[in-house]
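**Q** Let's see this in three dimensions:
(2 chains)
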Amino acid sequence: MSTNLELPMFTNNSEAELGGRWGMVIDKDLCTGCQACVAACSMENNVPFVGEEDAGYGRSMQWIRIERLWEGLDGDYREVKMTDYQPLMCQQCHNAPCEPVCPVYASVHSMSEDLNLQVYNRCVGTRYCANNCPYQARVFNWRDYADYRETNTADNDPRWSVFQNQLNPDVTVRRRGVMEKCTFCIQRIHQAENQAKAEGREVRDGEFTTACAQACPANAIVFGRIDDPESMVSLAAETSRGSRLHEELRTMPRVTYLAGGA
Amino acid sequence: MTSLAKPLARPHAEEHEDPREHLMHDPLPRGKMNEMVMEAMHETNWKFWVVTGILAVLVATCLGYAWYYLIDKGLGVAGVNMPVFWGIFLVDVVFWIGISHAGTFISAILRVLKVESRRPFTRAAELMTTFGLVQAAISVFMHMGRVWLSYWMAPIPNERMIWPDFHSPLMWDFMAISTYLLCSTMYLFLPLIPDMAMARDRSTGWRKTLYKILGLGFRGTEGEWKNLTTAMNLFAFAIIPVMFSVHTIVSWDFAMASRPGWSSTVFGPYFVIGALHSGMAAVAIVLFLLRSTMKHYKYFIRPEHFDTIGMLMLLVSMAWAYFYFNDYIVPWYGGDVWDKLFQEWAEKGPLWYLWYTMLFCNIVVPWSILWNKKWRRTPWLLASAGILINVGMWLERYIIIPEGLTINRMPFTWRLYIPGVEIALTVGMFALFLLLYMLASRVIPLIPVWEVQEGQEAHLLRKIGKAEIPTLSELE
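**A** Predicted structure coming up:
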C-alpha cells in the first residue's frame, strides 16, 4: 500500500478570484471626495442619521465612507501630501472573514449573486463579524436611529416625518442591535434581474447601477457584471492601475481600486 | 568519620514549627466541628445585613436598572463604537471565566494530586467557579445587541430548520461555557451532599426541608461513601480537561480572528495561565474575607493555606510571564507591520500606563511579595497582592480587547474607546458576585466539614520516644 506523499498545492485559484458575479471599480484618481455617494447610499438604503455626537464618536452608519489619508504629518505640515480619497464600502469578499464567525448565520453568502449578505432579522448583535472584517466595512445600529422618537426630543417634530416619508420601501428599516453593511444595492440587482427575466434576456451591462455609482459626479465608481469580460467594470478592473485592498489576506474582494494613473 | 558519627542536626531546625499549627494535626471532636460550621452559617449580625443591603441596592441599580436601560436604549449608551465593537463586556466575560477557573483548578487538581492542605478551602473555591460563570454568562448577554433573541444561539429545533453555525468560535464558546457551568455545578454539589446531610440532622424548619432535599437522603453508609468517592474521583479527573478547554476556547474567540494582536497561536495556553493567575489571586481574596468575617473560620483557614495559595500564585505568575513574553517576542521579531503597530500602541499610545500597570501588577507584585514565606503567610498581604493581580489581569484583557480593536488594518477608522454604562454594569456584577457568595454562606457550609474530618483522621501525631512525628495514613 503506497502512501500519497504529494504535498497539497496551494495554487492561486484565479478562476475563483476573478470570478464572481457583481463587482465594482473605484478610480481613486477621479474621486473628488464630494461625499455624494455617501448621501445617495444613505437615501437608497435607509441608512439612518446618527446625529452629531454619535457620529463624532465613530458611530456613523455610512455603508460607504470616504477615507482621507494623509502622509508625512511630522513637522510643520510642510511635507503634507494628501493621498487620493478612498471610498470604502463592503468589499463583497468571495472568502469573507465575517461569514464563519457569525453564530446564527446572519452573515451569509449569496451563492447565486456571489455577494455577502446580512440577514437583519437573524442578527443577534454579537458584532463578531465587524471585528473580523479587515476593511471595517460593517456598521452597527447602536441605537434605534430609525425610530425618530429615540433620536429626537420633540415627538412631533415635522422634520422627522420628512425623513420617515423618504424611506425606500424596497429596503428593510433596521432596528437597534443589528449589524448591517453595503449590499451592492441588492434591491436594484433583484429588480433588474426580475425585469430581465420577464423579458427573457440577461441583464445588460449598464442597465442599472448602484446608488453610489449613480450619484458619483466624477464617474469614479463603476459597477457591473465581472463575469462578463466585455462589461465596463471588467475592462476597467483589468488595467494595470488596479489593486485590491489587503489582497494578502486572501479575502478575494470584488472591489478594485484604480490609482496611480495619469 | 567522626563527623558522621554525630547525630545529624535536624534540617531547618530553626524553622521548626509546632505541628499543631496545621489544621490536619489540630483535630477537634466531630460534633464540635459540625457545631462550629453550623453556627457560622446560622449566626448573622447587623453588619452582615448592612453589607447585604448595600450590595443588593448596587445589584438592583448598577446591574438591574443599568441593564434595563441598555436593552431599552440599545448599545449606544455603552462606550462601544467603530472600530471597538467589543468593549468592557467582553473584558468582563474573560475576566470572570478566569476567576471561575481557579476554583476547579484548586479543587480538582489538588484533589487528584492529594494535596492535603486543600481540604478546608475546596468548597469556597468551587463556589467561586459557579458564581464566576454566572457573571461571565451575564456579561455575554449584556454584550449582545439583541439579547432577547439570544436563544437563537442554542440548537433548538425550529420550523425553518436554522441551526446555529458551529463554524463560529462564539458557538464553541457558548457550548464550552454551558458544559463547564453544568460540570462545575455538579462538581460543587457532589462533595456538598455529606455536609447537607450533616446540616439536615442539625437544623429545623425550612432549613431542614432544604437540606433534606439537597442531602438526597444521604445516611453515611459504606456503600454511599463508596459511590460518592467514585463519582467525585471521576468528576475530578474529567473536569480538568474541560477546564483547560473552556479557557482555550475563550481565547479562540480572539485567536481565530484575523486581527493584529489577536491572531496568535499561543493564546490558548496563555489564556489558561492568565485565568489561573487571576483565579488563584481571587481565591486568596475570598479566603481572606471568609477568615476575617465568618465565625470560627480562623480555625479552618490558617496561614498554612495562604502559604499554599501563595506558592501557587507565584508559580502561576512566573508561567504567565513566560507566556506573555512568548506572545510578545514572536510578533515583535516577526515584524509584521500591524502587529508592531499594536505593540507600539499599547506601550507608547495614550493608554501606555495601563500596559505598565499590568506588568507591575502581574509580575512585579507577586514576584516581590510571594517569595517570602512569612509574607505569604500573612493573610491581608496575600489578599492585597491578590487584588493587585486581579487588577493587572483585568487590564491585560482590556489591553487585548478594546485596545487591540482600536488598531486595525484601516487606519482611517482608528478611534479610542471611552466606556459608558459598562462601568456601572461591571460594578453591579462584582456586587452580584459578592451578594451571591454572602447569601450562599448562610445556606451552605463553606467548609467541607467531612473532608476536613477525613483528613484529620488520616493525620496523626505519633509519639516516638519524646518526639511527636506527624504521620499520614493512606486513605484510599
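**Q** Sticking with the residue of the stretch 251-400 of chain B found nearest chain A, tell me its helix or strand.
**A** Nearest to chain A, among the residues of the stretch 251-400 of chain B, is B:Ala257, at 4.8 Å (C-beta to the nearest C-beta). All C-beta atoms are positioned from the backbone trio N, CA, C, and that covers glycine. Under the assignment given by DSSP states H and E, B:Ala257 is not contained in any helix or strand.
**Q** Hmm, it is touching A:Cys133, no?
**A** No - with the criterion set as C-beta atoms under 8 Å, B:Ala257 and A:Cys133 do not qualify as a contacting pair; they are 9.8 Å apart.
**Q** Compare those two and say which one has the larger neighbour count.
**A** Taking neighbours as other C-beta atoms under 10 Å in any protein chain shown, B:Ala257 and A:Cys133 compare with A:Cys133 leading, 30 against 20.
**Q** before we move on, the earlier item: ok, the residue of the stretch 251-400 of chain B closest to chain A - contacts?
**A** Contacts for B:Ala257 (C-beta atoms under 8 Å, 6 or more residues apart in numbering or on different chains) come out as A:Pro97, A:Val101, A:Tyr128, A:Asn131, A:Asn132, B:Pro169, B:Ser263.
**Q** Can you check what pLDDT the model gives the fourth one?
**A** Confidence at A:Asn131, expressed as pLDDT, is 92.
**Q** Please list all residues in contact with it.
**A** A:Val101, B:Phe85, B:Trp86, B:Ala257, B:Arg259, B:Leu405.
**Q** Quick check: the farthest pair among those residues?
**A** Greatest spatial distance in the contacts of A:Asn131: A:Val101 and B:Leu405, 14.2 Å, computed using C-beta to C-beta.
**Q** quick one, which of these two is more surrounded?
**A** In terms of neighbours (other C-beta under 10 Å), B:Leu405 is the more surrounded of A:Val101 and B:Leu405; the figures are 29 against 26.
**Q** rewinding a little: okay, and the common contacts of B:Ala257 and A:Cys133?
**A** By the contact definition C-beta under 8 Å, 6+ apart, B:Ala257 and A:Cys133 are jointly contacted by A:Pro97.
**Q** Next, give me the two most distant ones among the contacts of B:Ala257.
**A** Distances among these were taken as C-beta to C-beta; the most separated pair is A:Tyr128 and B:Ser263, at 14.0 Å.
**Q** The two - which one has more neighbours?
**A** When neighbours are counted by other C-beta under 10 Å, A:Tyr128 and B:Ser263 differ, and A:Tyr128 comes out ahead with 24 against 16.
**Q** and that one, what does it touch?
**A** Contact partners of A:Tyr128, counting by C-beta under 8 Å, 6+ apart, are A:Val101, A:Cys102, A:Pro103, B:Ser168, B:Pro169, B:Leu170, B:Asp253, B:Ala257.
**Q** Which ones among the residues you listed lie within helices?
**A** Assigned to helices by DSSP state H, the following of the contacts of A:Tyr128 qualify: B:Pro169, B:Leu170, B:Asp253.
**Q** The second one: how many residues sit nearby?
**A** Translated: B:Leu170. The local packing count at B:Leu170 equals 23, with neighbours defined by other C-beta under 10 Å.
**Q** so what's it scoring on pLDDT?
**A** B:Leu170 is assigned 91 on the pLDDT scale.
**Q** in chain A, which helix or strand is least confident?
**A** Lowest by mean pLDDT, DSSP states H and E among the helices and strands of chain A is helix A:14-18, with a mean of 51.
**Q** Each with direction, which strands does the following helix or strand past it pair with?
**A** Helices and strands here follow DSSP H and E; after helix A:14-18, the next one along the chain is strand A:22-27. If you go by DSSP bridges, strand A:22-27 pairs up with strand A:221-225 (antiparallel), strand A:255-258 (parallel).
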